[in-house]
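Engineer: Take this sequence and fold it.
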Amino acid sequence: MTAPATALHADAVRALDGWTVADPDQDRLRRNYLDHLADRPDGMWRACLPAHITASAVVVDPAGGRVLLTLHPKVGMWLQMGGHCEPGDATLAAAALREATEESGIPGLELLALDGAVRPVKLDRHRVHCAGKDQPANTHLDVQYVALAPAHAEEMISEESLDLRWFEYDHLPELTDTSVRDLVALARKLVG
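Structural biologist: This next block holds a predicted model:
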């Protein structure tokens, strides 16, 4: 592995190892992610099968009491911004922020800091079924953050989305799953 790849792997281990999780299910996932990284030096990359780490961030506008979701073209559901780590990502948090910025089109996003440090807020393991023989089904070990949008931020749709829309916390679209609803509720609680 290259030096940046090794550094990103080490950062992911630090981020997950240093994260205190009260919820037993989330702590079980955290330990599972750490086991994955201990077993797989390539565990941060899309090519690592059957599972790899991904990074995402739910974009919130605390002043407006709203959350920005993307209508994912492959899944057909409203989700938070996120995706695969890339060689230029210095940290797992940087990967989440890059994805949120690229997919939202909003400059000036900042990841939520808790007790003075940017940390994940939630983990989600989900199976991804890809069309085509060159993309086998795999599992995303998603590390989720909260990204704060500047007040009155305006989104700009990217090619990675069918639609991009702000929703009030209490009025999420029907086409979301429990994981997204739980992440939005947690973000709302954390940002007030």
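
Engineer: burial count for the nearest residue to residue 12 once chain neighbours are set aside?
Structural biologist: If the residues on either side of it in the chain are set aside, residue 12 comes closest to residue 92, at 4.7 Å by C-beta to C-beta, 6 or more residues apart in numbering. Glycine gets a C-beta too; all of them are placed from N, C-alpha and C. For residue 92, the tally of surrounding residues (other C-beta atoms under 10 Å) stands at 25.

Engineer: Provide a list of residues in contact with residue 92.
Structural biologist: Applying C-beta atoms under 8 Å, 6 or more residues apart in numbering, one finds that residue 92 lies in contact with 8, 11-12, 15, 53, 55, 85, 120, 143.

Engineer: again, 7 Å this time
Structural biologist: Applying C-beta atoms under 7 Å, 6 or more residues apart in numbering to residue 92 gives the contacts 11-12, 15, 55, 143.

Engineer: In terms of helix, strand or coil, where does residue 28 fall?
Structural biologist: Here residue 28 takes the helix state, with states given by DSSP: H, G, I helix; E, B strand; the rest coil.

Engineer: quick one: pLDDT of it?
Structural biologist: Looking at residue 28, its pLDDT stands at 97.

Engineer: helix/strand/coil for residue 189?
Structural biologist: helix.

Engineer: ok, it to residue 80 distance?
Structural biologist: 16 Å (C-beta to C-beta, to the nearest Å).

Engineer: Looking at the two, which one has more neighbours?
Structural biologist: A direct count of neighbours by other C-beta under 10 Å for residue 189 and residue 80 places residue 80 higher, at 31 against 10.
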